[in-house]
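A.B. asks: need coordinates for the below:
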Amino acid sequence: MVHFWKDSISIILANYSEEIENTGDAIAELGSAQVNFVDDSGSIVGTSDMSTPVPNVLSPSETAFLGDSAMWNAVDNTNKELVDDIRLAAGLYDSEGKLVAVLKESLQVSLNPNNTADFEIFYPNFPKDIKGKVTEM
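C.D. replies: Residues are numbered from 1 along each chain as shown. Coordinates of the predicted model:
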């Protein structure tokens, strides 16, 4: 199951989860999977690389789970110089506007003036005191 949506500043957020059942008669060893997120037109809007099902070895009739959460957007270099140290952060807020978590990422590319680079930030399973409270990013 895949859910994705845009927040108030057009950041694309996604959450996916899947069950994988071994319907065969032999033990199955599962490798990593790439998940592509597509919009209504079929265009890829984000990719989750190297997702590993848990567990990764299944006896017949056993089930594994695959899932993650991520956000995608783009960053623009509006400077007149090359930028090679790009650090990103996203604040996660509850319904009262209180900051409950921060996600951080660094881009591993240099960005020329007036160019754009796409990015993604994966967000973890939050602790019980945060889970379910995030309403805005």
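A.B. asks: in the longest strand anywhere in the chain, which residues are buried?
C.D. replies: Counting residues, the longest strand in the chain under DSSP state E turns out to be strand 63-76. Within strand 63-76, the residues scored as buried using 16 or more other Cβ atoms under 10 Å are Ala64, Leu66, Gly67, Ser69, Ala70, Met71, Trp72, Asn73, Val75. All C-beta atoms are positioned from the backbone trio N, CA, C, and that covers glycine.
A.B. asks: which one of those residues is nearest to Leu58?
C.D. replies: In terms of Cβ to Cβ, no member of the buried residues of strand 63-76 lies closer to Leu58 than Ala64, at 5.6 Å.
A.B. asks: list the contacts of the closest residue to that closest one other than its chain neighbours.
C.D. replies: Of all residues not flanking Ala64 in the chain, Pro53 sits nearest, at 3.9 Å (Cβ to Cβ, 6 or more residues apart in numbering). When contacts are counted by Cβ atoms under 8 Å, 6 or more residues apart in numbering, Pro53 touches Ile20, Leu30, Ala33, Ala64, Phe65, Leu66.
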